[in-house]
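Trainee: need the 3D shape of this:
(one chain, ligands or ions: 1)
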Amino acid sequence: MQVLLQPTSSAAEPTRFVEIVFPEQANHYGTLFGGAALSLMGKAAFVAATRRARRAVVMAASDRVQFHEPVRVGELVELTAHVERIGRSSMTVVVEVVAETLVTGSRRVAMRGSFEMVAVDAAGRPTPIDVPAPDEIERNLSS
Ligand SMILES: CC(=O)SCCNC(=O)CCNC(=O)[C@H](O)C(C)(C)COP(=O)(O)OP(=O)(O)OC[C@H]1O[C@@H](n2cnc3c(N)ncnc32)[C@H](O)[C@@H]1OP(=O)(O)O
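Mentor: Numbering: from 1, shown residues only. Now for the predicted structure:
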């Protein structure tokens with residue numbers, strides 16, 4: 001039996017991913033490889049932007065990705081992506097990565113970066129994003 005759920009509310013809620021770091025994502029230091037971290041962050045930004053625009057989106061740029069702390073194999077990474085700015089066809093998505101040591105529960109901010117995502121049409125050309133309804137803007141301001 002198919003159980004239908006309400007669509008995820010688009011603008012107000014951040015997108016969250018949790019992933020455990022396995023050896024194949026690690027470098028020779030036994031910590032999460034930077035390229036693998038960027039891939040996870042890009043994926044989170046893509047999902048957050050697509051949920052907001054409900055259109056195809058592509059990544060136009062990544063800005064100032066900072067690696068604050070190494071993340072060891074076996075630790076969790078929790079990614080939170082939220083749409084910080086909406087332009088005509090572009091969006092700025094900020095992604096924060098928190099590392100968690102599972103057995104102690106200790107958590108720290110490991111990475112942070114922002115990504116410029118652009119809504120595109122079927123031909124891959126930039127296309128306008130619907131502006132949020134006034135009640136959505138109000139919800140965003142009060143959250
Ligand atoms: C999900 C993925 O993995 S996608 C794979 C990786 N990404 C790609 O392959 C994308 C390749 N790039 C492209 O297709 C094009 O360059 C596009 C669609 C991103 C932009 O096309 P352009 O013709 O340059 O767009 P144009 O100059 O009209 O700008 C459109 C919007 O994008 C923004 N934009 C374009 N390039 C950039 C950039 N490098 N940095 C920030 N914003 C940008 C513009 O400011 C504009 O925003 P607005 O509409 O909110 O005012």
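
Trainee: mind listing what's buried along the longest strand anywhere in the chain?
Mentor: Ordering each strand of the chain by length in residues (DSSP state E) puts strand 107-120 first. By 16 or more other Cβ atoms under 10 Å, the buried positions in strand 107-120 come out as 110-120. C-beta coordinates here come from the backbone N, C-alpha and C atoms, glycine included.

Trainee: got the buried residues for stretch 48-57?
Mentor: 48-53, 55, 57.

Trainee: hang on, the earlier thing: now the buried residues of strand 107-120 as TSV including pLDDT and distance to the ligand?
Mentor: Below are the buried residues of strand 107-120 laid out as TSV (pLDDT from 0 to 100; distance: Cβ to the nearest ligand atom, whole Å):
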residue	pLDDT	distance to the ligand
110	98	22
111	98	18
112	98	18
113	98	14
114	98	10
115	98	9
116	98	4
117	98	8
118	98	4
119	98	8
120	98	5
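
Trainee: for the buried residues of stretch 48-57, work out which two are farthest apart.
Mentor: Greatest spatial distance among the buried residues of stretch 48-57 (Cβ to Cβ): 48 and 55, at 13.2 Å.

Trainee: picking that back up, which neighbouring elements make contact with the longest strand of the chain?
Mentor: If you count contacts as 3 or more Cβ pairs under 8 Å, 6 or more residues apart in numbering; DSSP states H and E, strand 107-120 packs onto helix 34-53, strand 56-67, strand 76-86, strand 90-100.

Trainee: quick one: work out the angle between the third one and strand 107-120.
Mentor: So that's strand 76-86. For strand 76-86 against strand 107-120, the angle by axes from the mean of the first three to the mean of the last three Cα atoms, to 10 degrees is 40 degrees.

Trainee: coming back round to it: of the buried residues of stretch 48-57, just say which sits nearest to the ligand.
Mentor: Nearest to the ligand among the buried residues of stretch 48-57: residue 57, at 6.4 Å, using Cβ to the nearest ligand atom.
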